[in-house]
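Colleague: Sequence and predicted structure, then a few things I'm wondering about:
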Amino acid sequence: MKQFLKKTLAFGIALLLVAAVVQALITVRIKNKTTTGHDHLTIYPGEKFDILFLGSSRCADHFIPGVFKQDVGLTSLNMGCIGHADIPSFLLKLNYYLLYHPAPRYVIMNFDLATINGPQDPAQNRNYLAKHYFARYAFFAEPHNEMVSQYFGFNLAERYLPMYAILKYKMLGDCITMKDGRNWMKKGYLEQGGVWNFDPVKQKDAVSRGHADTFRIRYAPIKDQMRYVKDLCAKNGSKLICVHTPLFSMVYEDKGFELPGQMCRELDIPYIDMHRNTIPDSVVYFSDMLHLNETGATRFCKALCADSTFRAALGGTARTVAP
């Protein structure tokens, strides 16, 4: 029995040592890189960008850095996050950016009816969508990585057992190949292919009523958190600009969709509604009801760069770049 216990203990120790070595090798391989296009909290450390894009998947999928560089001559980094439309998740990304980069001139946030308030304390977050993409930050998180570790609620085993989080969330292949990460680093955003093939009539009420009702109910706390974002940006010398990205027109409800713009006016935050008359009413520009495909995103970005309100918000720093 003692021999069995000794062998079992020796095997366990050997397994932990192997796991620790593999964890260390992976950590070195993926340091300051993105494995999937979602885990870009420490990307390009020290580099300064003119624009930081923040928001939900409609940020991650819609803002193309290459278009802004070409059309207004400004560099940008897209840190949008799929599955998270809560303002504290935007703040999480902003705080990480400020840890690794000089403050940007502008913080551009996609702001729409799906944007909601959330707990200021990351440890109180309960939205764990897309958590697997951030498993790389769980193990023995450095002090600044405690923010994301708390936000996604990684448990003790995930935080202190080498390779456990990466294996549990099935991220080993991505950490090795980094295929999607390389595509993101090439494009700078989460490119969506394909064409929406759903019936928009059946989807009409999904956004226009449900999100509008939620936004009305949460109007005051959303406004408080937006004021906090604006003040944080100003404290770091950045200007906050909010943009409503295009949705398929059949889900548009004037009484609901005017609320984000109303709030921005009350907070004196520049707001550009690019839903109206930006993208033709055709599914060929959409990958689904809420997201543009590559063709639609390119058209949207070029329209935004040409928009007089947007250029005025940039305060003359935007320039017209010859094609």
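Modeller: The structure has been received and is ready for your questions. Numbering: from 1, shown residues only.
Colleague: Going along the chain, name the strands of the stretch 1-150 of the chain.
Modeller: Applying DSSP state E, counting those that start in this stretch to the stretch 1-150 of the chain gives strands spanning 51-54, 76-78, 106-110.
Colleague: Note down every partner strand of the longest one and its orientation.
Modeller: The one in question is strand 106-110. strand 51-54 (parallel), strand 239-244 (parallel) (DSSP bridges).
Colleague: Name the stretch among the ones you listed that sits most buried.
Modeller: Of all these, strand 51-54 carries the top mean neighbour count, a mean of 25, counting by mean count of other CB atoms under 10 Å. Yep, even glycine has a C-beta here, placed from its N, CA and C like the rest.
Colleague: same question for it, mean pLDDT?
Modeller: Strand 51-54 comes out with an average pLDDT of 98.
Colleague: Could you export it as CSV, keeping only the C-alpha atoms?
Modeller: Output of strand 51-54 as CSV, limited to C-alpha atoms (Å, rounded to 0.1, in the frame of the first residue of the first chain):
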residue,chain,number,x,y,z
ILE,A,51,-8.1,55.6,-31.6
LEU,A,52,-9.2,52.8,-29.3
PHE,A,53,-12.4,51.1,-30.3
LEU,A,54,-14.4,49.7,-27.4
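Colleague: who touches it?
Modeller: Strand 51-54 has contacts (CB atoms under 8 Å, 6 or more residues apart in numbering) with 59, 63, 68, 74-80, 90, 93-94, 97, 104-110, 238.
Colleague: Likewise for stretch 273-285?
Modeller: Identification of contacts with stretch 273-285 by CB under 8 Å, 6+ apart yields 195-198, 200, 243-250, 252, 257, 261, 286, 292-293, 295-296, 299-300, 303-304, 307.
Colleague: From those residues, which land in helices?
Modeller: Judged by DSSP state H, helices contain the following of these: 257, 261, 295, 296, 299, 300, 303, 304.
Colleague: By neighbours, which of those wins?
Modeller: Using other CB atoms under 10 Å as the neighbour criterion, residue 296 leads the ones in helices among the contacts of stretch 273-285 with 27 neighbours.
Colleague: Can you give me every residue that contacts it?
Modeller: Residues near residue 296 by CB under 8 Å, 6+ apart: 246, 279, 284, 285, 286, 287.
Colleague: what do you get for residue 294?
Modeller: 191, 192, 193.
Colleague: what about the nearest residue to residue 95 once chain neighbours are set aside, distance to residue 291?
Modeller: Nearest residue to residue 95, sequence neighbours excluded (CB to CB, 6 or more residues apart in numbering): residue 147, at 6.5 Å. Taking CB to CB, to the nearest Å as the measure, residue 147 falls 27 Å from residue 291.
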